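Trainee: Predicted model follows, preceded by the sequence.
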Amino acid sequence: MSVREDVKFLLAKEAMTMKHLAEIMKEKTGYPYNMKVISDKLARKTLKYEEFRVILDILDYDIEYKKRK
């Protein structure tokens, strides 16, 4: 699964639109996010790790590192 698919999956799971996500990200970071900016970053695979962490925080998810067996 790509980051784009992950973000879209989590947005759907939490019943949140990309537009609403962008509004919250703009409030949290002060960066002028909008739906197109986020969509373009996901499509071009240029979303930064820090931005992904902000998205997960907004959606109330954590990143978990687990050693393979």
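Mentor: Received, thanks.
Trainee: From now on I want contacts and neighbour counts done on CA atoms only, so please keep to that.
Mentor: Noted.
Trainee: Quickly find the element holding residue 8.
Mentor: Element membership of residue 8 [criterion: DSSP states H and E] is helix 3-13.
Trainee: Buried residues in that helix, which are they?
Mentor: Under the neighbour-count criterion of 16 or more other CA atoms under 10 Å, helix 3-13 has 4, 7, 8, 11 buried.
Trainee: Could you look up the next helix or strand downstream of that helix?
Mentor: Downstream of helix 3-13, the first helix or strand assigned by DSSP H and E is helix 18-29.
Trainee: For that next one, which outside residues touch it?
Mentor: 11, 31, 32, 33, 34, 35, 38, 39, 54, 55, 58 (CA atoms under 8 Å, 6 or more residues apart in numbering).
Trainee: what do you get if the cut-off is 6 Å, keeping everything else the same?
Mentor: 32, 33, 34, 35 (CA atoms under 6 Å, 6 or more residues apart in numbering).
Trainee: With pLDDT added, can I get those residues in CSV?
Mentor: Shown next, in CSV, are the contacts of helix 18-29 (pLDDT from 0 to 100):
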residue, pLDDT
32, 95
33, 96
34, 96
35, 95
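Trainee: buried subset of the residues you listed?
Mentor: 33, 34.
Trainee: Give me the mean pLDDT for the helix or strand hosting residue 52.
Mentor: For residue 52, the element it lies in under DSSP H and E is helix 49-58. In this model, helix 49-58 has an average pLDDT of 97.
Trainee: Which positions in that helix come out as buried?
Mentor: 54, 55, 56.
Trainee: can you check stretch 36-50 too?
Mentor: Buried residues in stretch 36-50 (16+ other CA under 10 Å): 38, 39, 42, 47.
Trainee: sorry, back to before: which residues does the helix holding residue 52 contact?
Mentor: The contact list for helix 49-58 (CA under 6 Å, 6+ apart) is empty.
Trainee: Please compute how far it lies from its chain's middle.
Mentor: Distance of helix 49-58 from the chain centroid (CA atoms, centre = their mean, to the nearest Å) equals 5 Å.
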